[in-house]
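Q: Make a model of this:
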Amino acid sequence: MIRQLSVEQVRHLRLLGQGLHPEIAEHASDIAQIVGVAGGLQAQEYPSAVLGVRARSHGMLAADVHRAREEERSIVLTWAMRGTLHLVPSADLGWLLGLLGPLFIHGSERRYRQLGLSAEVRADALEAIQEILGSRGPLTRPALAEALEARGIPVEGQAIAYLVSYAALEGAICLGPEEEGTLTYVLVDEWLKNKGTPPGKEGALGALARRYFGGFGPATRGDFAGWSGLPVEQAQGGMEAIKDELVEVEALGETAWLLKDHLERLDWQAGEAVTRLLPRYDNYLLGYGSRTFMVDEAFAKRLHPGGGVIYESAVVNGRAIGTWRKTQKKGQLEVAVELFEPVDDGLKARVEVEGHDIGRFLGQDAQVTLTGPGTYP
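A: Predicted structure coming up:
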């Protein structure tokens, strides 16, 4: 008989899967493992991905994330799932790009043609990028574009963006160190000592399915396909490869799956409400086709207004209770939380603790304010 899960149980399991529950976060000590457990952290806004590590750890600093990426190089910033920038464990890079790179390159063929980036032009650009970075080291996008233009390669408009993502999906380059707050590009073979070894007998599809259902389960086949960017048939193939590790459940009225080992997590409980201030584009909001499990319809547009925008969220026991913003004013970090509905004083205090922890993580004192129903100036 298929087990039916309540919405509270779904939230509970997904918080655990993402490493957001204190049972996981308080024992997380390795940034590559944190990123891997989460299935990779979406990083179209790199600072948001860094804050995503804070929400999944205890006592770490933003400087630790930068050190893991730029010095230890145990995590890498590159294009991965859905052809979008992600932080992923460096040890996963080889098999991830081997699986996803050709898929997303093929999916961009029409746009390549529109930009005048034929296969021949891309091949010339790839060779040039490797030569330029090999001789000059890390370069920002404008500097790389200038060097490519000098060789007669088209870089106007979106052409340069598509050329660097193409080179990354080919496994040649990734994002390197920051120069005065701007990310640079580097050669993967020079930047990383270890790109990992090929997955075991189930192959890359199975490995990706394991990562997804471990980090996001319970989830549907469609959720997996949407998150990864795989065609549904390939997503199904990945699930078939690890079928002995998955268990079928009913979640939110749909057939869903999670890792069998994670069923026992239904018995795990936190001592108090699990309270997190999640950054923009956090995995918890992006990993599913529907967000109704975590935000009431009345407030949904305040969290994801459309156009692909996902705002920062204040989440309690997996349910959004508000949004938040951080700003820098006269050397002071301000964290402003806007609640959707009244909450008790104990919960307000936990939200304030999270706000101050963002300041600690960033190496600053934070001023935290709460506005909205049930709050007073």
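Q: measure stretch 256-265 end to end?
A: 16 Å (CA to CA, to the nearest Å).
Q: And that stretch, what's buried?
A: 256-259, 262-263, 265 (16 or more other CB atoms under 10 Å). All C-beta atoms are positioned from the backbone trio N, CA, C, and that covers glycine.
Q: can you give me how far it is from the chain middle?
A: Averaging C-alpha positions (CA atoms, centre = their mean, to the nearest Å) puts stretch 256-265 22 Å from its chain's average.
Q: ok, now stretch 178-186?
A: 20 Å.
Q: for it, what is the average pLDDT?
A: Average pLDDT, stretch 178-186: 94.
Q: ditto for stretch 126-143
A: 97.
Q: Can you list the buried residues in that stretch?
A: 126, 128-130, 132-133, 138-141, 143.
Q: How about stretch 213-220?
A: Here stretch 213-220 shows 213-220 as buried, counting by 16+ other CB under 10 Å.
Q: Sort out for me which of the buried residues of stretch 256-265 are in helices.
A: If you go by DSSP state H, these have nothing in helices.
Q: now, among those residues, which is nearest to Lys301?
A: For these, the minimum distance to Lys301 (CB to CB) is 25.7 Å, reached by Ala256.
Q: Could you pull out the strands in this protein for me?
A: 3-5, 41-42, 75-79, 85-89, 139-140, 173-179, 182-187, 246-251, 254-259, 275-278, 313-316, 319-329, 332-339, 366-371 (DSSP state E).
Q: which ones are touching Gly287?
A: With contacts defined as CB atoms under 8 Å, 6 or more residues apart in numbering, Gly287 is in contact with 14, 18, 39, 212, 215-216, 219, 223, 227.
Q: just the buried residues of stretch 126-143 now: which is nearest Gln234?
A: Leu126 (25.4 Å).
Q: In this structure the closest one contacts Ala172, no?
A: Yes. Leu126 lies in contact with Ala172 (CB atoms under 8 Å); the separation is 6.1 Å.
Q: quick one: contacts of stretch 204-214?
A: Defining contact as CB under 8 Å, 6+ apart, one finds that stretch 204-214 is touched by 17, 36-37, 39-40, 95-96, 98-99, 198-200, 202, 219, 224, 227-228, 230, 234-235, 237-239, 241-242, 245-246, 257-259, 262, 287.
Q: From these, list the buried ones, please.
A: With burial judged by 16+ other CB under 10 Å, the buried subset of the contacts of stretch 204-214 is 17, 36-37, 39-40, 95-96, 99, 199, 202, 219, 224, 227-228, 230, 234-235, 237-239, 241-242, 245-246, 257-259, 262, 287.
Q: still on that earlier bit, which of the strands of the chain is buried the deepest?
A: strand 41-42 (a mean of 28; mean count of other CB atoms under 10 Å).
Q: Return the mean pLDDT over it, rounded to an integer.
A: The pLDDT scores in strand 41-42 average 97.
Q: buried sites along the lowest-mean-pLDDT helix or strand in the chain?
A: Within the chain, confidence by mean pLDDT, DSSP states H and E is lowest for helix 22-25 among all helices and strands, at a mean of 90. Within helix 22-25, the residues that count as buried by 16+ other CB under 10 Å are 22, 24-25.
Q: what about the nearest residue to Arg56 once chain neighbours are set aside, how many residues close to it?
A: Of all residues not flanking Arg56 in the chain, Gly19 sits nearest, at 4.0 Å (CB to CB, 6 or more residues apart in numbering). The number of residues packed near Gly19 is 25, by other CB atoms under 10 Å.
Q: got it, and Gln269?
A: Neighbours around Gln269, by other CB under 10 Å: 10.
Q: From Arg302, how far out is it?
A: According to CB to CB, to the nearest Å, Gln269 and Arg302 sit 30 Å apart.
Q: Then Gly17?
A: 25 Å.
Q: Kindly report the same for Arg350.
A: 21 Å.
Q: can you check Ser74 too?
A: Per CB to CB, Ser74 is found 36 Å from Arg302.
Q: In terms of neighbours, single out the busier of those two.
A: Between Ser74 and Arg302, counting by other CB under 10 Å, Ser74 is the more crowded of the two (20 against 15).
Q: Spatially nearest residue to the more buried one, not counting backbone neighbours?
A: Using CB to CB, 6+ apart and skipping residues adjacent in sequence, the residue nearest Ser74 is Ala32, 4.0 Å away.
Q: Which residues are in contact with the one you found?
A: 68, 74-75, 89-91 are the contacts of Ala32 under CB under 8 Å, 6+ apart.
Q: and with 7 Å instead?
A: Residues near Ala32 by CB atoms under 7 Å, 6 or more residues apart in numbering: 68, 74-75, 89.
Q: just the contacts of Gly287 now: which is nearest Val343?
A: Arg14 (21.3 Å).
Q: Surely the closest one is in contact with Asn317?
A: No. With contact defined as CB atoms under 7 Å, Arg14 does not count as touching Asn317 (11.0 Å).
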